[in-house]
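1. what's the 3D shape of this:
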Amino acid sequence: MAEKKLGYNIRIKAEKVNHEIFKEYLEIAKRADDAGLYYLAFPEFFGRFDRNRIHVIPYMTAIAAHTEHAKLGPDVLQVPFLHPKHIADIGSSLDIISNGRFILGVGTGWVTSEFEKFGISFKERGKITNESLDIIIKLWTEPAINDYRGKFFTFKDLCSPPTVQKPHPPIWVGGASDAALRRTAQYGNEWAPSWSLETCSGLPSLPEGTWNVKERLEKLKVYCNKFGKEVVIGRGPKGPKEVGYNQRIHVNINPDKEKALEDSRRFSGVTRKAWGPAEMKMRDSVIGNAEDVIEKLEEIYDSGAYLVTLYPLSADSKTQWDRIEKEVLPSL
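-> Model (predicted):
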């Protein structure tokens, strides 16, 4: 029987950020953990112009210390912006703090202005990510790296704390390009794209109209075969030679669809005249009542995903979680 697990995005995005807002979101995380959710996601926006966000690493650490069961991780960490030793140490530390619940979600990033701010090559972001993952896995699985000489990183005598999970915490790879699928096969344990990307066009790594979930899964199988791995459908991977598949979907649950649309647009910063990635995201979001969300969940599970992570398109995450807990969870 296929697994049907649920995750939830516990991101703070509000008109202001203070300790009271943090406590509100901490309570949501604790309720989600108590409700048996499989995964808590924490988006990372390191290069965005937004004062009203708490940095993902200390925030995730606090949540890890106050929950007991749900797995948790950045969804996704934009790898080129950090040194791989930094990422490896963060991952090891969070795996220890959470007692083996950390998942490293990784991506290359896609907003060119972010790379310009930090003086990092946008064109080489994929190669930087691959080399970083090679180093991170070595730091997690070997006593130390005595001498590393790569294209982007050169160092001697580095090590990271031992991880709880063996051989290392799971690595989930976002994106849907051929490069992302190959990266998943070579370094990852799961492919974790966004459902909304299936019909998006105009993004740098996704030429118009070139893919869908079924076709991408077949391509992933080809790459996994080259690295001696197998794609598993309808359940999570059970070992390093298996690669799983999970999805995320944006939602705004409200019986009043017009209010749901207004709330979603305000949260995404999209006006009716705007058109861009945020608007593309909304096109495949579920904006309406709980029955609409349940129907979309079944569609995604039928595509082969064993886990779906819900991203609320609303600054009122508490109300969204209330509706998910009362109206969506019982159906699963």
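2. which ones are touching the spatially most central residue of the chain?
-> Closest residue to the average C-alpha location of the chain: residue 75 at 2.4 Å, with Cα atoms, centre = their mean. Counting by Cβ atoms under 8 Å, 6 or more residues apart in numbering, residue 75 touches 9, 41-44, 105, 172, 174, 192, 248, 309. C-betas here are computed from N, CA, C, even on glycine.
3. need those residues in a markdown table (columns: distance to residue 293 and pLDDT).
-> Formatted as a markdown table, those follow (distance: Cβ to Cβ, whole Å; pLDDT from 0 to 100):
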| residue | distance to residue 293 | pLDDT |
| --- | --- | --- |
| 9 | 14 | 94 |
| 41 | 16 | 96 |
| 42 | 21 | 93 |
| 43 | 20 | 87 |
| 44 | 25 | 85 |
| 105 | 22 | 97 |
| 172 | 22 | 98 |
| 174 | 22 | 93 |
| 192 | 19 | 96 |
| 248 | 13 | 92 |
| 309 | 13 | 97 |
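4. before we move on, back to that, ok, now how distant is the residue nearest to the centre of the chain from residue 137?
-> Using Cβ to Cβ, to the nearest Å, residue 75 is found at 19 Å from residue 137.
5. tell me where the stretch 201-332 of the chain has strands.
-> Here the stretch 201-332 of the chain has its strands, by DSSP state E, counting those that start in this stretch, at 230-231, 242-245, 247-253, 286-288, 307-312.
6. among these, which is nearest residue 51?
-> Closest to residue 51 of these is strand 307-312 (Cβ to Cβ; 20.6 Å).
7. can you list the buried residues in the closest one?
-> Neighbour counts over strand 307-312 (16 or more other Cβ atoms under 10 Å) mark 307-312 as buried.
8. partners of it in the sheet?
-> strand 5-9 (parallel), strand 247-253 (parallel) (DSSP bridges).
9. the residue nearest to residue 165 when sequence neighbours are not counted: what's it in contact with?
-> Among residues not flanking residue 165 along the chain, residue 100 sits closest, at 4.9 Å (Cβ to Cβ, 6 or more residues apart in numbering). Residue 100 makes contact with 163-165, according to Cβ under 8 Å, 6+ apart.
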